[in-house]
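**Student:** Sequence and predicted structure below; questions after.
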Amino acid sequence: MKEKIVLILVTLILCSSCRDNKKLDAEETIAKIVDHQIVFNDKQKLIKQLENDILQIKKKEIKINEINIDSSKAFDNNSLNIIQLIGNTKDRSLQISYVLNKEYNSLYITSGNTILICEGCTIGCLPKRSTNNEGICTPCITEGIDTCFKTESLLPNQ
């Protein structure tokens, strides 16, 4: 009996340590709101996940420079706020976003939604969402340049 208990405990310890190397899970809390400030649980893990998702979707390596949480109106309904995790390159020519849910003071990636990538210009070309979480990219603001491209994909398998 003691051997079975020890085996179960060892298995649980091994399984919990494996989680650190795993991809982000949909529904996993990625940030908390503390004193009206957003505190990321593991910013580097999030950035790495964004870079891996871009690699899977676009088949090219892109370096994400910063991430932030954006709460803005849905483009088709000004009374609805959509919360997104947005990562962007240093020159802001590519931005990637995930829809987030907020429960109490926790923010988490919503399963069943999409990853939205907007790329092409450094001013404009921002990820926005509709009430059903469909993504659009705003037009480029730079005069004479209309090269904002949208890629939208389901979240890769976890």
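**Tutor:** Yep, that arrived.
**Student:** for the chain, longest strand please?
**Tutor:** strand 77-88 (DSSP state E).
**Student:** Any idea how far it is from the middle of the chain?
**Tutor:** With C-alpha atoms, centre = their mean, to the nearest Å as the basis, strand 77-88 stands 12 Å off its chain's centre.
**Student:** Strand partners (parallel or antiparallel) of the host helix or strand of S153?
**Tutor:** According to DSSP states H and E, S153 maps onto strand 149-154. As defined by DSSP bridges, the strand partners of strand 149-154 come to strand 114-119 (antiparallel).
**Student:** Next, the angle from the strand it pairs with to strand 77-88.
**Tutor:** 70 degrees (axes from the mean of the first three to the mean of the last three C-alpha atoms, to 10 degrees).
**Student:** Name the surrounding residues that touch stretch 113-125.
**Tutor:** 53-54, 57-58, 91-99, 126-127, 129, 133-135, 137-142, 145, 147-156 (C-beta atoms under 8 Å, 6 or more residues apart in numbering). (Glycine included, C-beta is placed from N, CA and C.)
**Student:** Sitting in helices, which of the residues you listed do you find?
**Tutor:** D53, I54, I57, K58 (DSSP state H).
**Student:** Columns pLDDT and neighbour count on top of these, output as JSON lines?
**Tutor:** Output for the ones in helices among the contacts of stretch 113-125, formatted as JSON lines (pLDDT from 0 to 100; neighbours: other C-beta atoms under 10 Å):
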{"residue": "D53", "pLDDT": "90", "neighbour count": "22"}
{"residue": "I54", "pLDDT": "90", "neighbour count": "23"}
{"residue": "I57", "pLDDT": "89", "neighbour count": "16"}
{"residue": "K58", "pLDDT": "88", "neighbour count": "15"}
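**Student:** Kindly present those as a markdown table, with separate columns for distance to C118.
**Tutor:** Compiled in a markdown table, the ones in helices among the contacts of stretch 113-125 are given as follows (distance: C-beta to C-beta, whole Å):
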| residue | distance to C118 |
| --- | --- |
| D53 | 14 |
| I54 | 12 |
| I57 | 13 |
| K58 | 12 |
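**Student:** just the strands in the chain please.
**Tutor:** Under DSSP E, the chain gives strands at 29-34, 37-40, 66-74, 77-88, 94-103, 106-109, 114-119, 127-129, 135-137, 149-154.
**Student:** Mind listing what's buried along stretch 95-104?
**Tutor:** Q95, I96, S97, Y98, V99, L100 (16 or more other C-beta atoms under 10 Å).
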